[in-house]
Structures are given as structure tokens and as C-alpha cells.
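Engineer: output the structure for:
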Amino acid sequence: MVQRIATTAVLLAVFLPALALAQEPDSVHVEVAGIEHPAYGAAFGPQFPAEMTIGPLPLIQVEGSNAGPWPGARPEHGCNPFVNGDEVAGNIAFISRGTCPFVQKVMNAQAVGATAVVVHNDSRGDGGQPPFVMPGECSTCMIPAAFITHESSIDIRNEMQSGPVDATILPIRITPPPVAAETGPSAGTFVLQPVYPNPLSSEATVMVSIPTAQEVYLTVYDVLGREVAVLAEGLRSAGDHVMAFDASEWAAGVYLVRLRAGNVQRTRSLTVVRR
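Structural biologist: The predicted structure is shown next:
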């Protein structure tokens, strides 16, 4: 049953187009430090719908353990269970290609609660070829994954050496929406903040800022596109609105919060953990 939550000084409605399984892999961009790197999704697991954006979220280099089914794997390959799982949880896992199948890497990231995965070609290089679709079959993979080139990974790793970086996985937009056609809030002033805390096990909050009074809808979906909760719906005043909600009865996993107002949509991810 869908949970409907009403509060006073709050707003937040999100539309998250359902993550579809078993469809043609998508071409996307992985944006880091203002640079968009071309990428492709995987042949397995959920895809990236055209309207969906994941992030910005911290991009975390995984550290696989030395013990596991792949004893020769380097830590950055993510083939064995992660020793920095707490850091990866709720964020985007950054993993190097090599040693083990792509499915193994994604499943290890999913096991610690990652929201998504970015796999990059390893130091052996990719001969300048564009990113490709990661092969594999996985009926239990529930988080999306994108693949980037070795050249892109060099730029991103250079940024990571300077300190923590955020990444955003964006759909490729062929034609940007015309500004004159907007009837809702502008993209520059309409903001959906990250869920806090994240990961979470029970209570959390999310804040949205809107430039003018209007109808706002905030909804939570699971990764199969099923509606889990309606956090807010209806007319809201201009300004900042904070929505509190309780996920204590939700199953562990990744969820998407979708905010919709006029023709503007924003999406954030959250991870529910059970210990």
C-alpha cells in the first residue's frame, strides 16, 4: 500500500520515471567538476530513463579486500567485498575494469548500498575507442551502472586527488527545452536538496526550493518504478520547504525521490539500510 504523508511546512514531490529492466542500454553523461564524460549503461540491471538524473552524489573509489573469490584482483577492481563499504553506501561507486565480470563489480557495490556505479576502462587503455555497453546477465542487479573510457577516468582521478568530488549521471539531451515554453519554475531556481541522512534506517528529511507558488508533487519510488510513498502534493508557497518522513517500514534498498512542479522535474536517490 502506498504511504501518504502530510505535513505543514513542507513540500517535495518527485517524479521518477520507472527504472526499466531488460531494455536497450542508454547513452548517458557522467558529469564531474563541470565536465560531461560520455558513457553507456550496462546490458543488465536497470537502465537510465531519459528524464532521470542521479546525483550529484559523492563519487567514491572502491577498495576491494584481498580476501575473496578473486585473490589476484587489485582493490580498485572491486571484485572482492569492499573494505570501504560504509563510505560507498548511498553514493556512486567508482570501479576500474579488470579481473572479474562487470556483474560481479556491480553486485559488490549493491551489497553495500551504493546508489549507482561508474566503471572506467583500466590502465591498459582503450585505444581511443568510445565507451561501450557492459555485457552480462543479472536478474538481481537493482542499481544502474555506467561505463566510461580510460581517458575520462584520468581526468576524474586527477580531480579526486585534489579532494572529494561529486558526480552526476545525466541523460543525453539532444534538444534542450526552450526557456520560453516554461510555465513552471526555472531550472536555475528550482532545487531539490539531497535526502538527509543518507543512508537512513528510519526518519529523514528532504528540502525543496521553489521560486513561485504552484502545485508541487513529491513521490518516492523503488528501483522497479513502484510508488512507495507520497510525501507532498498540492499548492505550495514560494520559498524553502522541508519534508520529514519515516522509512522505518520500508525494505532495505535504493529508492528514488521525484519532485515535479509545472514542467520541471528533479530526482534524488536514497538508500535504506537494515542492520
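Engineer: and the helices in the protein?
Structural biologist: Remark: helices assigned in the chain by DSSP state H are 85-88, 102-111, 150-161.
Engineer: between the ones you listed, which gets nearest to E36?
Structural biologist: Among the helices of the chain, helix 150-161 comes nearest to E36, with 9.7 Å by Cβ to Cβ. For the C-beta atoms, the positions are set from N, CA and C on the backbone; glycine is no exception.
Engineer: if we can go back for a sec, JSON lines for the helices of the chain, including distance to H37, mean neighbour count and mean pLDDT?
Structural biologist: Output for the helices of the chain, formatted as JSON lines (distance: least, Cβ to Cβ, whole Å; neighbours: other Cβ atoms under 10 Å; pLDDT from 0 to 100):
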{"stretch": "helix 85-88", "distance to H37": "20", "mean neighbour count": "18", "mean pLDDT": "94"}
{"stretch": "helix 102-111", "distance to H37": "18", "mean neighbour count": "23", "mean pLDDT": "94"}
{"stretch": "helix 150-161", "distance to H37": "4", "mean neighbour count": "16", "mean pLDDT": "90"}
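Engineer: which intervals of the chain have sub-threshold pLDDT?
Structural biologist: Applying pLDDT under 70 to the chain flags residues 1-27, 49-52, 123-130, 172-189.
Engineer: center of it - which residue?
Structural biologist: Nearest to the geometric centre of the chain sits I54, at 3.4 Å (Cα atoms, centre = their mean).
Engineer: which residues does it bridge with?
Structural biologist: Here I54 shows beta-bridge partners I169, assigned using DSSP bridges.
Engineer: the one 5 residues further on now?
Structural biologist: Each beta-bridge partner of L59 is listed here, defined by DSSP bridges: I92.
Engineer: doesn't V32 make contact with it?
Structural biologist: Yes. Between L59 and V32 there is a contact at 6.6 Å, judged by Cβ atoms under 8 Å.
Engineer: who touches both of these two?
Structural biologist: Shared contacts of L59 and V32 (Cβ atoms under 8 Å, 6 or more residues apart in numbering): I156, V165, D166, A167.
Engineer: closest to G113 among these?
Structural biologist: A167 (16.6 Å).
Engineer: sorry, back to before: quick one: the residue nearest to the centre of the chain from V28, how far?
Structural biologist: According to Cβ to Cβ, to the nearest Å, I54 stands 9 Å off from V28.
Engineer: can you check G163 too?
Structural biologist: G163 is 25 Å from V28, by Cβ to Cβ.
Engineer: and those two? Which one has more around it.
Structural biologist: It is V28, of G163 and V28, that has more neighbours when counted by other Cβ atoms under 10 Å, with 29 against 6.
Engineer: does that one touch Y40 like I think?
Structural biologist: Yes. The criterion here is Cβ under 8 Å, and V28 meets it with Y40 at 7.3 Å.
Engineer: between those two, what contacts are shared?
Structural biologist: By Cβ under 8 Å, 6+ apart, V28 and Y40 have these common neighbours: A146.
Engineer: so what sits against both of I54 and V28?
Structural biologist: F48, I169.
Engineer: quick one, what contacts G45?
Structural biologist: Contacts were defined as Cβ under 8 Å, 6+ apart; by that measure G45 touches L21, V106, C138, C141, M142, I143, P144, A145.
Engineer: coming back round to it: distance to T219 for the shared contacts of L59 and V32 - can I get that in a markdown table?
Structural biologist: Below are the shared contacts of L59 and V32 laid out as a markdown table (distance: Cβ to Cβ, whole Å):
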| residue | distance to T219 |
| --- | --- |
| I156 | 32 |
| V165 | 29 |
| D166 | 24 |
| A167 | 24 |
